[in-house]
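**Student:** structure for the following, please:
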Amino acid sequence: MFGVLIALLSGALMSIQGVFNTAVTKASSVWVAAGFVQLTAFATCVLAWLFTGRQPVGALFQAEPKYALLGGVIGAFITYTVIVAMDQLGPARAAMLIVVSQVVIAYVIELLGLFGVEKAAFEWHRLVGVVLAAAGIVIFKW
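**Tutor:** This is a model prediction of the structure:
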């Protein structure tokens, strides 16, 4: 149950952050806003680290596979794409497209067992769920 609540909170925070970042972009630029977001996220992480245990930072470089360390680079592009999508499409439509894209890609990752994720068997009801989510975007737009 805790995982469900955290996932719901994550989705809510992502939508709010997207709106905030879009507003900051209007005062500066997309990359300045994205950089500010990443910088303030870093500062928040450092503070949280100081108060929650101070595990060794060098342990990061023990991560395997090494490409997993690219999460921050991907995060910068996520921030950029969310800002642009929210600006161009509005928060609701952008969030719907983002979530459906996340579900589709996550399902493909599971089906193919990519990036070290345990391979999952194909299930028709999951495909139907993805199609229904995509249909929801069409209905929402209409």
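**Student:** what's the longest helix in the chain?
**Tutor:** helix 2-27 (DSSP state H).
**Student:** that one: which residues count as buried?
**Tutor:** 15, 17-18, 21-22, 24-25 (16 or more other C-beta atoms under 10 Å). Backbone N, C-alpha and C define where each C-beta goes, glycine included.
**Student:** again, but for stretch 94-112
**Tutor:** Here stretch 94-112 shows 94-100, 107, 110-111 as buried, counting by 16+ other C-beta under 10 Å.
**Student:** of those, closest to residue 73?
**Tutor:** residue 98 (18.5 Å; C-beta to C-beta).
**Student:** now name the helix or strand holding that closest one.
**Tutor:** Assigned by DSSP states H and E, residue 98 belongs to helix 91-112.
**Student:** and the contacts of that helix?
**Tutor:** 11, 14-15, 18-19, 82, 85-86, 88-89, 114-115, 117-120, 122, 126-127, 129-130, 133-134, 136-137, 140-141 (C-beta atoms under 8 Å, 6 or more residues apart in numbering).
**Student:** and the angle from that helix to helix 2-27?
**Tutor:** 130 degrees (axes from the mean of the first three to the mean of the last three C-alpha atoms, to 10 degrees).
**Student:** after helix 91-112 comes which helix or strand?
**Tutor:** Next along from helix 91-112, by DSSP H and E: helix 124-141.
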